[in-house]
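S.K.: how would this look folded up:
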Amino acid sequence: MEPTTKPFTRLSAHQWRQLIKQQHESGLSQKAFCQSRNIGLSTFNTWKHKLEKKADSLTDQLQPEASSDWIELLPDTQETTASASWHIELELPGGVVLRMRR
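M.R.: Residues are numbered from 1 along each chain as shown. Okay, here's the model as predicted:
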């Protein structure tokens, strides 16, 4: 009789993020957590580093570059602050328009 093995289950990136979060919140070492869940420690660490690298890459993409494209807008000094109104319209990719008024 051959020993039975647990069927291999492939986890999604979202599921790995959840496991990494659970390990962090559990207070267990990575080794103890992986043993309790029957997860290979090397696989856990591979996914942890992979997702950290991806998060760092996204953070770098979202940070604005230093440029002189910014324009400072000063308030009109002739209007009083009580009656001052404004309208801002921002066109975003995909045809999304954000409008703000006061």
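
S.K.: SS state for E91?
M.R.: Three-state call for E91 (DSSP: H, G, I helix; E, B strand; the rest coil): strand.

S.K.: right, and it touches V97 too?
M.R.: Yes - contact criterion Cβ atoms under 8 Å: E91 and V97 qualify, at 5.4 Å. The C-beta positions use only the backbone N, C-alpha and C, and glycine is treated the same way.

S.K.: give me the most central residue, this structure.
M.R.: A55 (6.2 Å; Cα atoms, centre = their mean).

S.K.: which strands and helices sit next to the helix or strand of the chain with the lowest mean pLDDT?
M.R.: Every helix and strand of the chain was ranked by mean pLDDT, DSSP states H and E. The lowest is helix 41-62, at a mean of 83. Contacts defined by 3 or more Cβ pairs under 8 Å, 6 or more residues apart in numbering; DSSP states H and E place helix 41-62 against helix 13-26, helix 30-37.

S.K.: mind listing what's buried along it?
M.R.: Applying a neighbour-count criterion of 16 or more other Cβ atoms under 10 Å, one finds 44, 47-48 buried in helix 41-62.

S.K.: could you give the separation of it from the chain centroid?
M.R.: 11 Å (Cα atoms, centre = their mean, to the nearest Å).

S.K.: between helix 30-37 and it, find me the angle.
M.R.: 110 degrees (axes from the mean of the first three to the mean of the last three Cα atoms, to 10 degrees).
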